[in-house]
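*Asks:* my questions concern the predicted model and sequence given below.
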Amino acid sequence: MKRIGLKGILMIGAVLFLGLGTIFGELIQVKFTGPGQVSQKQLGPLGTATLAPSGTIQGVANGTISFNATLLADSGDSLTNSALALWGRSIPGTWSATAGTFTGTGQNVVYHIPPADEGTYTIVYSATEGSRTFGSPPVYSVATKTAEATATLVVSTPRVTTVTIVPGTASLIVTGTQALTADIRSQMGNPMLDKVGTWSCLPVAGSFDPIVGSRTDFIAGTVAGTYEVTFTVTSVGTKTIVATATVTLLPTALAQIAISPSSATVNIEATQTFTAIGYDIYGNARTTGTCSFSLTGDVIGTIFPTSGTYTTYTGTAGGTAILWAISNGIQGSATMTGVVPPPYWGIIPTPQTAGTGFPVSLRIAGYNGVATLTATTGSIYPSTVTVVSGKWSGYATLTVTGSQTLIAISSTGAVAISNEFMVNPGPPKGLRAEGLPSVVIVGRPWQGTTTIIIIDICGNETKLLTAGALFFSLFPSYDGGQTWGAALGSLGENIVHHMNNKHPLAAGTSRVSFTGSNFVSKVSNIHLGDEAGKVCALGAFLDLP
């Protein structure tokens, strides 16, 4: 076999290399862009062109759309201008449309839609590369090639679709100014700078300068509050679109203070709360800050607290005074009249019960000093009291039941007051017997009716609060001790010597009567107890003669 030298091997490799390059449609060549940089592959011939945006596009008359064209080699690689320039290549392109103009050159332009009626337009980008030979030494040649891309533009007349007021909310001092802008946009979302509308609001809210336009200055009125501002613009035909914004007008600095209520008539010991209210120069209500309260004129009452936004007045005497509220040098006032009401009694609780130590309150408005207490019936203790600041509270004793009139007279006699109330019997405290003979003759029968009455501590007849019983006990007689036959005939009981006898009583009972016969012994110790036979703490003992 004949040996192949190094030169032959190199020649065979070159042939294979060039053949493969031809097979893949391009000569694979590389070029280094500089020391240490990545090599750049030689790109193949022009293949196709694309547009962005592409397909069917929506637009509005007199609007604009940005287009970008991309060129691709027949291998699919992107033919960028920088890549082409590296190999000394240039592929110029042109833009065209059935109507409208372009701004810019090259592969990126802005298309200006004509201000015409609605219609359909075709956008075309066309790029042509002349014939050239690829490879070194020459491998293959490519004829002149043109790549073209198109897009369809559907144009409609722009119309107002959305309107927004900027800012949407604003706060400003009354009589202040706020700039407002109406952001008017078409159905494509594009600003419609040539459109104008009309600004409006309630007259009390303020005014606009100018009234017509997409921009205006809102001039606030003098009445504080929250108001709505509107902007109205025509869309298509007679159709209008309205946008709204909210403006809040705030009061200016504190200019005056009023006190509510502005006047009041207050009785002694009564109270009245007063509140300070602030206003600006235009009469808008606003906070006052911390006020200092004071009184001038007659000394007819007190106030508390003396600092804040309100105070409470308490009447102590008759006369006229002025209440002042001052904050940051601004002051306001209210007039108060103190009234002395007619004197009166206060009895706590009602109704009363006969006995000692129930509470009594005496009030003699505007009077201080000694007063004398009397009752129309019975007696009262204490009968002399000392009134301080028109009041006295203590405990009194009344012994007689029924309607009572308590009278209080000042030491000078200038003040005399009275109050009628009812005194009821107190709780059971004992027993009283009525109808007993004064003398019992030993051994001689006696017949008569005896009534046992339940009484309170003052001797007034009263009622049992709960059920109870009377208990009777017998002791030896004067003649040596005999028994009774029917001592309590009407009670249906026989009392036997030295035996206890019980007679039940219902709740609400105040007295019980019985008829006795054959009284030949002495009946002793009639007492009140409960139903179980236990002598109550309130029980009392009574000896019969």
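*Replies:* In hand now; what should we look at?
*Asks:* can you name the residues that contact A179?
*Replies:* 215-218 (CB atoms under 8 Å, 6 or more residues apart in numbering). For every residue, glycine as well, the C-beta is placed using N, CA and C.
*Asks:* got the CA coordinates for the helix or strand encompassing it in CSV?
*Replies:* Taking DSSP states H and E as the definition, A179 sits inside strand 177-186. Taking C-alpha atoms only, strand 177-186 is exported to CSV below (Å, rounded to 0.1, in the frame of the first residue of the first chain):
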residue,chain,number,x,y,z
THR,A,177,-57.3,76.3,45.2
GLN,A,178,-56.8,72.8,43.9
ALA,A,179,-55.6,71.9,40.3
LEU,A,180,-57.6,69.2,38.6
THR,A,181,-56.9,67.3,35.4
ALA,A,182,-59.3,65.1,33.4
ASP,A,183,-57.5,62.0,32.0
ILE,A,184,-59.5,61.3,28.8
ARG,A,185,-58.7,58.1,26.9
SER,A,186,-60.0,56.3,23.8
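*Asks:* let's test this: mean pLDDT of that strand, rounded?
*Replies:* For strand 177-186, mean pLDDT rounds to 96.
*Asks:* same check on stretch 336-351?
*Replies:* The model assigns stretch 336-351 a mean pLDDT of 65.
*Asks:* what's the answer for stretch 267-280, then?
*Replies:* Mean pLDDT, stretch 267-280: 91.
*Asks:* and the strands in the stretch 101-250 of the chain?
*Replies:* 101-103, 108-112, 119-129, 132-134, 140-142, 145-156, 160-166, 169-173, 177-186, 198-200, 206-209, 215-220, 225-234, 240-250 (DSSP state E, counting those that start in this stretch).
*Asks:* show me what contacts the residue lying closest to H112 once chain neighbours are set aside?
*Replies:* Nearest residue to H112 in three dimensions, chain neighbours excluded: T101, at 4.8 Å (CB to CB, 6 or more residues apart in numbering). Going by CB under 8 Å, 6+ apart, T101 touches 111-112, 114.
*Asks:* do you know the pLDDT at T101?
*Replies:* Looking at T101, the pLDDT reads 88.
*Asks:* so where's the stretch 101-250 of the chain shaky on pLDDT?
*Replies:* For the stretch 101-250 of the chain, residues meeting the criterion pLDDT under 70 lie at 116-117, 134-140.
*Asks:* on that earlier part again, tell me the angle of the strand holding A179 relative to strand 240-250?
*Replies:* Counting by axes from the mean of the first three to the mean of the last three CA atoms, to 10 degrees, strand 177-186 lies at 160 degrees to strand 240-250.
*Asks:* start and end of stretch 433-453, how far apart?
*Replies:* Distance between the two ends of stretch 433-453: 6 Å, counting by CA to CA, to the nearest Å.
*Asks:* mind listing the helices for this protein?
*Replies:* 6-23, 81-86 (DSSP state H).
*Asks:* go through the shortest one and flag the buried ones.
*Replies:* Within helix 81-86, the residues that count as buried by 16 or more other CB atoms under 10 Å are 83-84.
*Asks:* same question for stretch 371-388.
*Replies:* For stretch 371-388, by 16+ other CB under 10 Å, it's 371, 373, 375, 380, 385, 387.
*Asks:* what sits against the fourth one?
*Replies:* Just to be clear, that refers to I380. Counted by CB under 8 Å, 6+ apart, I380 has contacts 373-374, 396-398, 406.
*Asks:* the residues you listed in strands, which ones?
*Replies:* The members of the contacts of I380 that map onto strands under DSSP state E are 373-374, 396-398, 406.
*Asks:* biggest separation within those residues, which pair?
*Replies:* Distances among these were taken as CB to CB; the most separated pair is T374 and T397, at 13.1 Å.
*Asks:* about what we covered before: got JSON lines for the contacts of A179, with distance to A270 too?
*Replies:* Below are these laid out as JSON lines (distance: CB to CB, whole Å):
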{"residue": "R215", "distance to A270": "62"}
{"residue": "T216", "distance to A270": "57"}
{"residue": "D217", "distance to A270": "55"}
{"residue": "F218", "distance to A270": "51"}
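*Asks:* test my guess that T288 contacts I257.
*Replies:* Yes - between T288 and I257 there is a contact under CB atoms under 8 Å: 5.7 Å.
*Asks:* give me the common contacts of the two.
*Replies:* Common contact partners of T288 and I257 (CB under 8 Å, 6+ apart): 276-278, 325, 327, 330.
*Asks:* ok so, going back, next, the angle from the strand holding A179 to strand 160-166.
*Replies:* Using the same axes, to 10 degrees: strand 177-186 against strand 160-166 is 160 degrees.
*Asks:* stretch 220-231: which residues count as buried?
*Replies:* Using 16+ other CB under 10 Å as the test for burial, stretch 220-231 gives 220-224, 227, 229, 231.
*Asks:* follow-up on the earlier one: most neighbours among the contacts of T101, which one is it?
*Replies:* Y111 (22 neighbours; other CB atoms under 10 Å).
*Asks:* what sits closest to A243 if chain neighbours are left out?
*Replies:* Using CB to CB, 6+ apart, the nearest residue to A243 is V163, at 4.0 Å.
*Asks:* is it possible to export the strands of the stretch 101-250 of the chain to CSV including distance to P45?
*Replies:* Converted to CSV, the strands of the stretch 101-250 of the chain look like this (distance: least, CB to CB, whole Å):
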stretch, distance to P45
strand 101-103, 27
strand 108-112, 23
strand 119-129, 7
strand 132-134, 7
strand 140-142, 4
strand 145-156, 6
strand 160-166, 48
strand 169-173, 62
strand 177-186, 44
strand 198-200, 62
strand 206-209, 66
strand 215-220, 56
strand 225-234, 55
strand 240-250, 55
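*Asks:* what about S260, distance to G225?
*Replies:* 20 Å (CB to CB, to the nearest Å).
*Asks:* returning to what we had before: nearest to I184, of the buried residues of stretch 371-388?
*Replies:* I184 has its nearest neighbour among these in V387, at 83.3 Å by CB to CB.
*Asks:* which ones are touching I330?
*Replies:* I330 touches 254-257, 278, 288, counting by CB under 8 Å, 6+ apart.
*Asks:* re earlier: what's the closest of the contacts of A179 to P203?
*Replies:* So of the contacts of A179, ranked by how close each gets to P203 (CB to CB), first place is F218, at 13.1 Å.
*Asks:* now the closest one: closest residue in space, sequence neighbours ignored.
*Replies:* In space, F218 is closest to Q178, 4.6 Å off (CB to CB, 6+ apart).
*Asks:* the one you found: neighbour count?
*Replies:* For Q178, the neighbour count with other CB under 10 Å is 18.
*Asks:* about what we covered before: in a markdown table: the contacts of I380, plus pLDDT and distance to A433.
*Replies:* Supplementary listing: the contacts of I380 in a markdown table, determined by pLDDT from 0 to 100; distance: CB to CB, whole Å:
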| residue | pLDDT | distance to A433 |
| --- | --- | --- |
| L373 | 82 | 35 |
| T374 | 82 | 34 |
| A396 | 73 | 31 |
| T397 | 75 | 26 |
| L398 | 75 | 26 |
| L406 | 79 | 34 |
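*Asks:* make JSON lines out of these and add distance to D74.
*Replies:* Formatted as JSON lines, the contacts of I380 follow (distance: CB to CB, whole Å):
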{"residue": "L373", "distance to D74": "129"}
{"residue": "T374", "distance to D74": "133"}
{"residue": "A396", "distance to D74": "126"}
{"residue": "T397", "distance to D74": "130"}
{"residue": "L398", "distance to D74": "129"}
{"residue": "L406", "distance to D74": "127"}
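*Asks:* for these, which one is nearest E434?
*Replies:* Distances from E434 to those, taken as CB to CB, are shortest for L398 (24.4 Å).
*Asks:* in the sheet, who's paired with the closest one?
*Replies:* Following DSSP bridges, L398 is listed with bridge partners G355, I380.
*Asks:* and it, how far from Q404?
*Replies:* According to CB to CB, L398 stands 6 Å off from Q404.
*Asks:* repeat that for G119.
*Replies:* Separation of G119 from Q404 (CB to CB): 111 Å.
*Asks:* that's all I had, so thanks and see you.
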